[in-house]
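> Below are the sequence and a predicted model; questions follow.
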Amino acid sequence: MNDDSLRPGGALEGRLFRRFLKRLSEIREPEVGERIGAWRIVSELGRGGSGVVFLAERADGAFSQQVALKWLRGDRPVPDGRAVLARERELLASLDHPNIARLVDGGETEEGMLWFAMDLAAGQSISEHAGELSLRQRLALMQTLCRAVHHAHRRGLIHGDVKPSNVLVDERGQPRLVDFGIARLKGAALGPSYGLTPDYASPEQRAGEELTTASDIWQLGKLLDDLVGGQQLPPDLRAVIARATAETPDHRYASAEAMASDIAAWLARRPVSAHDGGALYRFQRLVQRNAAVSAIVGLAAAIIVGGGAWMAWQLAEERDHARTEAERAERALAESEAALARARALSDFLVDLFQATRPDRPHDELPTTEEILERGAERAMDASLAGPAERFEMLSAIGQVYRSRSLYDQAKPLFEQALALSEEAPALSARDRARALTQRARLMIADGSPLEAAETLLFQAEAAWADAPYDWELLARIRITRSWVERHRGRHDRALTMIEPLWWQMPPPDRADGGVRASVLDALSGLKAANGQLREAARFRAMATAAFREEQGETGQGYVVSLANSVSLERSLGHFETAERRARRALAIYDRIYKEPVDYRAALRRSLAQLLFLLGRVEEAFEELTRSSAEYARVRGLEPDDWPLHYSNRGRFHARLGRHDQAAADLARAHELMREHDEQFDQRLLSIVEMLRSWADCGAGRDPANALARIDRLDPEYFDHPRVGGQFREARASCLLRAGEFGRAWSELEPLLASPIPPGNVVDGADRRILAADILARLDRREEASTYIEEARQAFEANGLAEHPVLERVASRAGQF
């Protein structure tokens with residue numbers, strides 16, 4: 001090395017610097033319109049020390065989606081880039097948390113530069129949002145953020161760049177941490193040149209040392225300091241900031257959760273661990289948070305002369321304050337014994353239910369199911385019969401039986417009591433609380449309660465799960481239930497990303513409950529199908545059905561549900577005979593298991609009705625649809641004629657048959673009933689029915705301009721899934737045609753005609769081609785119109801549906817061209 005590189009500016013003139021500049025010139029940033037992986041660059045969103053963030057949209061036609069795509073800038077490819085990418089993608093895919101932007105995709109460019117696609121998070125930076133907030137509101141934001149970071153740390157991920165611009169606050173006031181695209185693995189830093197933000201770089205980052213979770217904690221402390229800076233801070237908050245931003249990692253909080261706990265303690269006027277003030281300090285905090293205690297203590301000070309009372313209070317306060325990690329470990333070790341005791345108590349409880357009998361019952365006559373459940377519920381609610389842990393298991397067991405039998409009103413008080421116990425009883429753990437929250441949320445989803453309320457409970461459940469020893473089975477139950485929320489919203493792609501990591505992380509059969517493993521496979525199959533991945537869905541469906549059969553036999557609920565779920569999949573694949581055979585077999589099993597109405601059988605009857613309609617057995621389809629609707633209505637305590645989804649499903653059938661007046665009448669009635677019972681239906685479903693009503697009105701020639709205006713007032717977010725999105729486009733095209741706007745009608749419909757008609761969608765596909773022919777005829781493009789009519793005819797014949805009644809409509813149009 002010569003001395004030139006040591007003089008000022010010398011390093012900028014040498015061979016190494018010229019090589020560095022040459023390398024930079026060879027690395028070209030992506031441009032607008034360019035494709036990276038499955039994504040097309042739309043615009044630049046921002047840039048920083050680690051790279052550029054672009055707005056990108058899905059370009060492979062799989063479905064419509066926009067993401068924030070981060071392209072990592074560097075003076076060289078990342079060492080072992082493919083291995084780093086594969087390792088980080090696997091970990092990042094498991095990082096599913098409501099306050100962390102989700103990883104969607106990732107890859108490596110030809111030059112070896114890494115890129116990650118993440119959820120497009122909307123909102124203001126936390127520093128902008130905090131401008132109008134009180135001190136307590138700012139602290140509440142930071143508490144939530146700390147817990148999100150702790151969630152990532154538990155999965156081996158370090159952010160490394162926590163700063164205001166990487167924390168966005170949405171319209172609900174919820175913070176979301178973004179830019180985990182270059183997340184550091186514990187024990188494996190990619191180097192200080194990636195993503196360093198000088199003002200938010202921890203001391204070890206500035207020194208070029210290996211990153212740890214302590215770096216994120218320093219940045220959280222710095223962010224907290226900036227958010228509350230300029231105010232006269234209480235000593236406790238100064239202590240929290242000082243501990244988080246200590247110069248050496250060993251003097252900082254041991255975890256982000258510990259920092260969150262101190263913030264929560266300050267908000268509740270409890271002592272914070274960062275302020276080591278002794279017994280007097282804790283006594284002062286007790287007085288501050290409880291005015292009644294303050295008055296009592298003042299009176300006691302005037303009366304008590306000796307020191308015995310003070311010492312007794314101090315010892316009691318010390319005892320209450322001592323919730324150390326050692327105690328947590330001791331509780332964890334005792335959980336196996338506690339679980340055994342609970343199992344024995346539950347076994348005794350269930351045996352006792354069978355033994356309990358009416359005095360007049362013959363000795364050889366068993367109690368009915370209803371009697372057993374009533375007796376079980378009564379005893380589980382009686383606090384005098386068992387301890388909290390045993391009662392928790394009793395309440396959960398009886399509640400689950402009620403829920404599985406669609407007896408939601410009976411299940412609700414049991415689950416609510418179990419949840420209350422999990423919050424109040426010291427004998428119950430964080431795992432118990434996560435279970436209680438999950439089973440309450442599952443019931444809320446089943447009984448039609450607002451999805452947002454159920455989702456909130458599930459977020460709390462996952463937070464409680466993170467505080468317990470790692471439990472894959474419990475996480476699987478929480479995530480499966482969360483995926484139900486997303487499926488109800490039509491966000492099947494997002495639901496799939498919740499379930500796929502469970503499959504990758506699934507323990508071997510000897511280390512996980514077979515029923516939970518089967519449930520993950522069942523969820524994965526359903527979501528693969530909903531996202532158009534039919535072959536993959538069939539593979540997982542076969543695995544799920546086999547797993548349930550092995551676990552429960554062929555009369556188990558899981559097995560028959562999986563069998564029933566395969567019906568729509570086989571229909572979509574064109575395996576019509578297999579689909580009907582499985583539907584009939586599943587119905588027979590349901591009839592043996594359930595004498596009372598249940599959602600499961602109602603859903604299967606609706607699926608069978610759709611299959612029969614596709615096969616052209618129209619009258620049978622309407623009969624099966626009526627049975628399905630009647631069962632759904634009885635489950636919810638309604639008369640069959642008051643179940644709105646009966647009319648919406650029947651209206652769709654009528655519309656596809658060209659019976660537009662009947663369709664319009666049915667869908668108007670569905671809309672009316674949903675408004676009457678709106679507490680049972682979310683806004684997405686209400687919007688879909690309103691769209692179908694407008695579509696039917698246009699088909700019947702009823703004021704198409706007004707119907708189109710109603711459609712255009714609906715929130716497009718409710719129609720982002722390809723299936724309902726296609727129906728939305730078709731409805732607009734139909735109304736535009738009737739309104740005389742032929743060019744706009746064709747622009748709306750044409751994208752739906754690009755792919756061949758799939759076997760399971762022959763009727764819908766044919767009807768759309770009839771609509772296409774009508775539009776093209778108005779545009780004097782008759783030859784193209786006849787091509788679409790021929791496509792429709794061939795689709796019916798290719799799938800063995802040559803006698804289908806809709807084919808008559810196709811034939812009538814063919815004669816016009």
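Cool, got the structure.

> From the recorded domain assignment, give the ranges for this protein.
29-119, 125-189+197-275, 365-469, 553-642, 686-815 (the TED database).

> Pull out the buried positions in the helix or strand hosting D522.
Using DSSP states H and E, D522 sits within helix 514-530. Going by neighbour count (16 or more other CB atoms under 10 Å), the buried part of helix 514-530 is 516-530. C-betas here are computed from N, CA, C, even on glycine.

> Stretch 669-689 too?
Using 16+ other CB under 10 Å as the burial criterion, the residues of stretch 669-689 that qualify are 669-671, 673-674, 681-682, 684-689.

> tally of neighbours for the closest residue to G726 other than its chain neighbours?
Distances taken as CB to CB, 6 or more residues apart in numbering put L752 closest to G726, at 5.3 Å, once the chain neighbours are dropped. Using other CB atoms under 10 Å, L752 has 20 other residues around it.

> With P640 instead?
14.

> Now for it: which residues touch it?
By CB atoms under 8 Å, 6 or more residues apart in numbering, the contact list for P640 reads 626, 629-630, 633-634, 646.

> same deal with R768?
Residues near R768 by CB under 8 Å, 6+ apart: 730, 749, 752-753.

> Of these, just say which sits nearest to L611.
When the contacts of R768 are compared for distance to L611 (CB to CB), E730 wins out at 21.6 Å.

> Can you tell me the SS state at that closest one?
helix (DSSP: H, G, I helix; E, B strand; the rest coil).

> wouldn't it be in contact with L752 here?
Yes: E730 lies in contact with L752 (CB atoms under 8 Å); the separation is 6.6 Å.

> any low-confidence regions in the stretch 601-750 of the chain?
The stretch 601-750 of the chain contains residues with pLDDT under 70 at 679-680.

> Now V169: phi and psi?
Per-residue torsions, V169: phi -110, psi 120 (degrees, to the nearest 10).

> Leaving aside the residues adjacent along the chain, what's closest to it?
Distances taken as CB to CB, 6+ apart place H129 nearest to V169, at 4.0 Å, with adjacent residues excluded.

> Which strand or helix spans the one you found?
Secondary structure assigned from DSSP H and E places H129 in helix 126-129.

> Only the buried residues of that helix, if you could.
Within helix 126-129, the residues that qualify as buried are 126, 129, counting by 16+ other CB under 10 Å.

> ranges for the strands of this structure?
Assigned by DSSP state E, the strands in the chain fall at 35-36, 39-47, 51-58, 66-72, 103-108, 114-119, 124-125, 157-158, 167-169, 175-177, 184-185.

> Same list (these) but as JSON lines, adding mean pLDDT, mean neighbour count and distance to R269.
Converted to JSON lines, those look like this (pLDDT from 0 to 100; neighbours: other CB atoms under 10 Å; distance: least, CB to CB, whole Å):
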{"stretch": "strand 35-36", "mean pLDDT": "88", "mean neighbour count": "16", "distance to R269": "51"}
{"stretch": "strand 39-47", "mean pLDDT": "87", "mean neighbour count": "16", "distance to R269": "40"}
{"stretch": "strand 51-58", "mean pLDDT": "86", "mean neighbour count": "21", "distance to R269": "41"}
{"stretch": "strand 66-72", "mean pLDDT": "84", "mean neighbour count": "23", "distance to R269": "40"}
{"stretch": "strand 103-108", "mean pLDDT": "78", "mean neighbour count": "20", "distance to R269": "39"}
{"stretch": "strand 114-119", "mean pLDDT": "82", "mean neighbour count": "23", "distance to R269": "36"}
{"stretch": "strand 124-125", "mean pLDDT": "89", "mean neighbour count": "15", "distance to R269": "30"}
{"stretch": "strand 157-158", "mean pLDDT": "83", "mean neighbour count": "23", "distance to R269": "33"}
{"stretch": "strand 167-169", "mean pLDDT": "92", "mean neighbour count": "24", "distance to R269": "25"}
{"stretch": "strand 175-177", "mean pLDDT": "91", "mean neighbour count": "24", "distance to R269": "23"}
{"stretch": "strand 184-185", "mean pLDDT": "41", "mean neighbour count": "20", "distance to R269": "36"}
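
> These: which one's closest to P271?
P271 lies closest to strand 175-177 among these, at 26.0 Å (CB to CB).

> Who are the packing partners of the closest one?
With contacts taken as 3 or more CB pairs under 8 Å, 6 or more residues apart in numbering; DSSP states H and E, strand 175-177 sits against helix 135-154, strand 167-169.

> list the contacts for L611?
Counting by CB under 8 Å, 6+ apart, L611 touches 567, 571, 576, 579-580, 583.

> Most neighbours of all the contacts of P640, which one?
Highest neighbour count within the contacts of P640: S629, with 25 neighbours (other CB under 10 Å).
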